[in-house]
Each structure stands twice: as C-alpha cells, then as structure tokens.
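In: Here is my input; please provide its structure:
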Amino acid sequence: MNTQHGMDAFNSTAEAQVRNNIQSLKSLKPEMDNLKNSINEYIANVQNTILKNRASYQVKLSQLKSTEMQLKAEIESNKLLREQLYEELSNEMRNKDQSSIKVEEMKIQEENLEKEKLQLTKDLENIEIEIVNKTREINEQKDSLKNQTNLVNDKLYQFEQLLGLRIEPYSKTENEIENEDNTNQNDTDEIGVEKIKFIFKNVDPSDFAREVWFVFDPESVSIVSTYPEIPTETCDEIIKNFIHTKEIGLLWKQMRYSLQKKLLS
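Out: This next block holds a predicted model:
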C-alpha cells in the first residue's frame, strides 16, 4: 500500500514537472524561434563560407606554389647556364685565336642572363609576398570562424537547456575509421565538411535523461546514422521535407518524433 502511494506521488510529481516544462516551453516560444533562425542562418553561412573559401584558397595556394617552384627551377637552370658560359668564356680568352666577335656575343648573353635572373628574382619575391598575404587571409578567416563557433556554442547551450537538444561535431568510431581506410586506401586525401550530431533527451517519460540521436551530413544533405536505428525510408522522407522547406526546426521535430516512437515501441 505504501509502495502504491509512493508510485502515485512520483507519477503526480512527474506529470506536474512535465506540465511545467511544457508551459515553460510555450512561454519561451519567441526566444526559441529566434534561436532556431540564428542556428539556421549560421549553419547555412558556415557551410557556404567553408565550401567557397576552402576551394578558392586551396586552388590559389596550389597555383602560387607551383609557380614558385617553376621560377626557382628556371633560376637554377639559368645559374648553371651562366656558369657554363663563364667557363666557355675563360677557355676562349685563353685561346690566342679567339675571335673578338665571339667574346662580345658571349658578354651579351651573360648580360641577358643577368637581366633574366633579376626579373625572375623579382617575380619570385612577388610570389612569396602573395603567398604571405593569402596565408594571412586564411588565418584571419580561421579566426573569424572560431569567433562564430564560440557564438554558436552559446546558442547551442541555450537549446540544450530549453529543448533538451544538444548539437555536437560528429566523431567517427575506430571501426568506421578503419573501414574507411580499407575502402579508400588508394584514394588521395580529401578534406570533407564535418558531420553534425543532434542529440535529444526528455523523450522517455520513464527516464528523462535517456537520449536518442541522429548524425546529419551537411555536404550530402543526408542522415548517415541514428540511435535507435530507424528505417532508411523514414530518414529519406524527412530529408525530402527538409530540402523542400529549408526548415531545420522541421527536421528536428520529425526526427525526434521518429526516434522517440522507435525507442518506446
């Protein structure tokens, strides 16, 4: 009898807590909408910035480094050629039958090579300056993204407190990394966009701390894994709705419902 009375009291307290949480969430709806819009805008901006700037900077740096290597190779080649001409000139000067015309031609060649060397050296200096400037731009971009990340981390904390939603970068397991290494061992390295893990709690009425989650790939706009596991067809349909509406809140809502339904089934 005491046990039944205790269970009734616990259930009454839990129901009151749930009602209070629901009322708090309703009163905080404007703030949650603002947070949702901020996260939507941030995710879109970061994706676009990373994809555009990374491709642009990588191509430019690769081109600059290639040009630098070519210029250095030309300078070295001209250096060897100039040394060869010096040697030929010395041999010719030791030759009593040396032609003054030949000497003059070789001097002209030497002067031309010296001019080319000066020009190539100047070009190389300009390339190095441009590389320094591009590197500084990349570092400034990294600092800007770091500041944006700090701002979003504050917003993510608010989401976690208000909605029971936590957002984290997705870290692969050792088995996933090993499988990728075996699959792509002959491929060249490629920098990809980091996947995002969305974690929900307050989905199990009997255990509010219990969590469900799904991993979202912004690059392919797809759901790559879930816990508990739900059918691929369900995920595909939710992604289809997300692509059509561009509403991250709808993606969260439908995935949370599907994961909760699977967890409690």
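
In: Give me the helices and strands touching the helix or strand where residue 215 lies, please.
Out: Using DSSP states H and E, residue 215 maps to strand 212-217. On a contact count with 3 or more Cβ pairs under 8 Å, 6 or more residues apart in numbering; DSSP states H and E, strand 212-217 meets strand 196-200, strand 222-227, helix 248-264. No exception for glycine: its C-beta is placed from N, CA and C like everyone else's.

In: tell me the domain boundaries of this structure?
Out: 11-150, 164-175+192-265 (automatic domain parsing).

In: In its sheet, which strands sit next to the strand holding residue 215, and in what direction?
Out: According to DSSP bridges, strand 212-217 forms sheet pairs with strand 196-200 (antiparallel), strand 222-227 (antiparallel).

In: Low-confidence stretches in this protein?
Out: Flagging of the chain using pLDDT under 70 yields the residue ranges 1-11, 25, 28, 96-97, 99, 141-163, 171-193.

In: tell me, which helix in it spans the most residues?
Out: helix 29-94 (DSSP state H).

In: Let me know the angle separating that one from strand 212-217.
Out: Orientation check (axes from the mean of the first three to the mean of the last three Cα atoms, to 10 degrees): helix 29-94 against strand 212-217 gives 40 degrees.

In: what's helix 29-94 packed up against?
Out: helix 100-163, helix 248-264.

In: Can you convert these into TSV and add a column each for distance to residue 205?
Out: Listed next are these as TSV, based on distance: least, Cβ to Cβ, whole Å:
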stretch	distance to residue 205
helix 100-163	17
helix 248-264	8
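
In: For residue 246, give me its contacts.
Out: residue 40 (Cβ atoms under 8 Å, 6 or more residues apart in numbering).

In: now it: how far from residue 113?
Out: According to Cβ to Cβ, to the nearest Å, residue 246 stands 62 Å off from residue 113.

In: give me the number of residues near the residue nearest to residue 247 when sequence neighbours are not counted?
Out: The shortest distance from residue 247 to any non-neighbouring residue, by Cβ to Cβ, 6 or more residues apart in numbering, is to residue 40 (7.6 Å). Around residue 40 there are 14 other residues, counting by other Cβ atoms under 10 Å.

In: Next: residue 235.
Out: 21.

In: what's it in contact with, if anything?
Out: Contacts of residue 235 by Cβ under 8 Å, 6+ apart are 214, 222-223, 226, 255.

In: ok, back up a step: report the inter-axis angle for the longest helix of the chain versus helix 248-264.
Out: Using the same axes, to 10 degrees, helix 29-94 lies at 110 degrees relative to helix 248-264.

In: re earlier: can you redo the strands paired with strand 212-217 as JSON lines with mean neighbour count and distance to residue 139?
Out: Shown next, in JSON lines, are the strands paired with strand 212-217 (neighbours: other Cβ atoms under 10 Å; distance: least, Cβ to Cβ, whole Å):
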{"stretch": "strand 196-200", "mean neighbour count": "18", "distance to residue 139": "25"}
{"stretch": "strand 222-227", "mean neighbour count": "16", "distance to residue 139": "31"}
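
In: In contact with residue 223, which residues?
Out: Here residue 223 is in contact with 214-217, 235, 238-239, 255 (Cβ under 8 Å, 6+ apart).

In: Report the contact partners of the residue nearest to residue 247.
Out: So residue 40 contacts 246-249 (Cβ under 8 Å, 6+ apart).

In: Can you add distance to residue 129 and give these back as TSV?
Out: TSV is the format used below for the contacts of residue 40 (distance: Cβ to Cβ, whole Å):
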residue	distance to residue 129
246	43
247	47
248	43
249	48
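
In: hmm, back to that, residue 48 is nearest to which of the strands paired with strand 212-217?
Out: Among the strands paired with strand 212-217, the nearest to residue 48 by Cβ to Cβ is strand 196-200 (15.4 Å).

In: Contacts for that closest one next, please.
Out: With contact meaning Cβ under 8 Å, 6+ apart, strand 196-200 is reached by 43, 164-170, 211-216, 218, 252, 255-256, 259-260.
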